[in-house]
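Undergrad: Following is a predicted model, sequence given first.
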There are 2 protein chains.
Amino acid sequence: MTNVTDATFITPDALLVHWQGHRRLTRKVIEAFPDDKLFTFSIGGMRPFGALSLELLTMAVPMVQGAVSGDWETSMNRDPAPKAEILRRWDESTHQLNALWPQIPPARFAETLTAFGQYPGVLHDLILYVIDNEIHHRGQGYVYLRALGIEPPAFYDRS
Amino acid sequence: MTNVTDATFITPDALLVHWQGHRRLTRKVIEAFPDDKLFTFSIGGMRPFGALSLELLTMAVPMVQGAVSGDWETSMNRDPAPKAEILRRWDESTHQLNALWPQIPPARFAETLTAFGQYPGVLHDLILYVIDNEIHHRGQGYVYLRALGIEPPAFYDRS
């Protein structure tokens, strides 16, 4: 019998592949916005998609960096920036995530820590929170694009 | 040294807890919609949230049932229904997921299968697709609620 407590739903390697697939899709959603709408268009008083994109950037690498080192970066630049600059930061984060991820000792994913000095949780839940928050806000971006008359990229295409 | 290929990001037990947390939040979003808006209100030509909720119901239990048994349920009732009926089906699915999940042999999560006879993938990716699709559409529901002047439930609260 397998001990379910020790069983694996997904490995760290496969989870990073899954996440980077989501990040490729989110990059396409950023690209789909007209530059002049990225920080101006919103619905129902919500934040524009550019602001949401910056939030995602300030969570992904800092979470993984903190998980690796115990140092939590909390000085986050959220000033509006041109789309090309946001995409540049996005690609930079992609490389940083790939470099940092293998440095997390696998046992740590089941350990409890306090992210950014204020969010306690099991590391796997903290990382899923970052990914889920990206999916959540990207879903909002889909509505913004549709409301602007722009067809969003296919949800299932992570190429 | 830990063999990363054999390492665990998250166990099946913890993943179910994570998923049911998301499902509690989605339930609150369904509840937050006025009954008369669930199948009528939309933005940008997208589907109303009631239709999205029915899609989620037709994916969650059928995916896990298929993973357990190899039988894929493809006859899915997507007719509009009153909110109370959708919530009833939601709660029924919650119990079914809890009963079915432990019946998936842990080794199967890393196996490749073809969901619903047409979607090939590694089981962990297929299940994450179902969860991610829920988060994606729920994010759209948040925009609908805001556009209706209704404050959505807090994203971080999974109680």
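TA: Alright, I've got the coordinates.

Undergrad: quick one: low-confidence ranges for chain A?
TA: For chain A, applying pLDDT under 70 flags the ranges A:1-5.

Undergrad: Stretch A:23-43: how far from the chain's middle?
TA: Averaging C-alpha positions (C-alpha atoms, centre = their mean, to the nearest Å) puts stretch A:23-43 15 Å from its chain's average.

Undergrad: end to end, how far does that stretch reach?
TA: 23 Å (C-alpha to C-alpha, to the nearest Å).

Undergrad: buried stuff in it?
TA: A:23, A:25-30, A:32-33, A:37-39, A:41-43 (16 or more other C-beta atoms under 10 Å in any protein chain shown). Backbone N, C-alpha and C define where each C-beta goes, glycine included.

Undergrad: Can you give me the buried ones in stretch A:61-77?
TA: A:61-68, A:72.

Undergrad: the helices in chain A, which residues?
TA: A:12-32, A:49-69, A:83-100, A:123-147 (DSSP state H).

Undergrad: one step back: ok, of the buried residues of stretch A:23-43, which one's closest to chain B?
TA: Nearest to chain B among the buried residues of stretch A:23-43 is residue A:43, at 5.4 Å by C-beta to the nearest C-beta.

Undergrad: And the closest one, how far from residue B:155?
TA: Residue A:43 sits 17 Å away from residue B:155 when distances are taken as C-beta to C-beta, to the nearest Å.

Undergrad: Residue A:84 now?
TA: Distance from residue A:84 to residue B:155, by C-beta to C-beta: 29 Å.

Undergrad: okay, the two: which has more neighbours?
TA: Neighbour count, other C-beta atoms under 10 Å in any protein chain shown: between residue A:84 and residue B:155, residue B:155 has more, with 16 against 9.

Undergrad: Report the contact partners of the more buried one.
TA: A:133, A:136, B:25, B:142 (C-beta atoms under 8 Å, 6 or more residues apart in numbering or on different chains).

Undergrad: now residue A:126
TA: A:63, A:67, A:113, A:115, A:119 are the contacts of residue A:126 under C-beta under 8 Å, 6+ apart.

Undergrad: Verify the contact between residue A:132 and residue B:19 for me.
TA: No: if you go by C-beta atoms under 8 Å, residue A:132 and residue B:19 don't touch, sitting 10.7 Å apart.

Undergrad: Mind checking which of these two has more residues around it?
TA: More neighbours surround residue A:132 than the other of residue A:132 and residue B:19, with 25 against 19 (other C-beta under 10 Å).
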